[in-house]
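Q: sequence plus the predicted model coming up.
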Amino acid sequence: MSTYTKHRVELPRPRRSRLIVENPYDFFPCLFDIPLKLAAKAVGVGDDRLKKVYTMLIDEPRAPWPCKEIYDETHPFVNRRMIIAAREGQIFRLRRQIDQDEGGDLLNPRELLRVLERAELYAANYGVVKKGIHPPRCTHEALAAAGVSERWGAPVAAEPEAWPAEELPFHEQFDLDELFREGGDELGLGV
C-alpha cells in the first residue's frame with residue numbers, strides 16, 4: 001500500500017523494494033524535465049501512482065506533469081537548469097551518504113540513487129531528442145564556486161559551462177576552416 005504525505009512518500013514497486021522518500025519536495029522535482037512515463041519508469045511505479053504523488057505535492061488535482069512547460073520555458077517557478085542542479089545535488093548527497101555509512105541499512109539510499117541516475121540518463125537523452133541540444137551542465141563545484149544555492153527558488157548562473165572538446169560532435173571538435181584557408185600549407189603537403 002502506498003503512503004503519501006507531504007513529508008514522506010512510500011511507494012511499493014513490483015519486483016523491487018519499497019521506495020521511501022523522506023523529502024518529497026526535494027526529490028520529485030528532480031524528475032520534472034522528463035515525461036511522466038519516463039519518470040514513472042525511473043521510479044519503478046505506474047504513471048497514475050506518480051501522478052498522484054505529484055498532484056498531492058502541489059495541491060492541484062488537475063495539474064499536468066510539468067515536463068512540457070519546462071521545455072517550453074513557460075513554467076512559473078522552475079527551469080531546466082534548476083532541475084538539473086537539484087538532481088545533481090541529490091545524487092551527490094546520496095553518494096556521500098552511501099560512502100560514509102558502510103555499516104547501516106543503505107538499501108533505500110541506493111534505490112533513490114538508482115532512480116535519480118536513471119532519470120539523469122533519460123533527461124539527457126530526452127533533451128537531445130526534444131530540443132536537439134546538449135543538456136546544460138551544472139556541477140555542484142561550479143554552483144558552489146559561483147555562490148549559487150542548490151535549493152529550489154535560488155538564482156542560477158545564466159551562462160552554461162563550455163562543453164569539453166571530446167564531448168562535442170565530431171565536426172565541432174576541430175576548426176576545419178583553418179585547414180582550408182588559401183595561401184597556406186597547413187597540412188604539410190608541399191602545395
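A: Structure received.
Q: next up, the contacts around residue 41.
A: Counting by C-beta atoms under 8 Å, 6 or more residues apart in numbering, residue 41 makes contact with 118, 122. From N, CA and C alone the C-beta is placed, and that goes for glycine too.
Q: can I assume residue 113 is in contact with residue 92?
A: No: the pair residue 113 / residue 92 is not scored as a contact, 10.1 Å apart, by C-beta atoms under 8 Å.
Q: so those two - more neighbours on which side?
A: residue 113 (18 against 14; other C-beta atoms under 10 Å).
Q: that's a strand at that one, yeah?
A: No: judged by DSSP: H, G, I helix; E, B strand; the rest coil, residue 113 forms no part of a strand; its state is helix.
Q: which residue is the nearest non-sequential neighbour of it?
A: Nearest residue to residue 113, sequence neighbours excluded (C-beta to C-beta, 6 or more residues apart in numbering): residue 94, at 4.3 Å.
Q: next, count neighbours for the one you found.
A: The burial count for residue 94: 22, using other C-beta under 10 Å.
Q: which residues touch it?
A: Counting by C-beta under 8 Å, 6+ apart, residue 94 has contacts 109, 112-113, 116.
Q: local confidence estimate at it?
A: Note on residue 94: pLDDT of 91.
Q: and it, what helix or strand is that in?
A: helix 80-100 (DSSP states H and E).
Q: in that helix, what counts as buried?
A: 80-91, 93-94 (16 or more other C-beta atoms under 10 Å).
Q: give me the below-cutoff pLDDT ranges for the protein.
A: Scanning the chain for pLDDT under 70 picks out the ranges 1-2, 102-105, 128-191.
Q: let's go with 50 and repeat that
A: 133-136, 142-143, 145-160 (pLDDT under 50).
Q: how about the strands in it?
A: 3-4, 9-11, 19-21 (DSSP state E).
Q: what is the second one packed up against?
A: With contacts defined as 3 or more C-beta pairs under 8 Å, 6 or more residues apart in numbering; DSSP states H and E, strand 9-11 has these neighbours: strand 19-21, helix 47-58.
Q: against residue 73, how distant is the residue nearest to residue 113?
A: 29 Å (C-beta to C-beta, to the nearest Å).
Q: same check on residue 11?
A: Distance of residue 11 to residue 73, given as C-beta to C-beta: 30 Å.
Q: now residue 93
A: For residue 93 relative to residue 73 (C-beta to C-beta), the value is 27 Å.
Q: okay, how far is it across stretch 62-74, tip to tip?
A: End-to-end span of stretch 62-74 (C-alpha to C-alpha, to the nearest Å): 18 Å.
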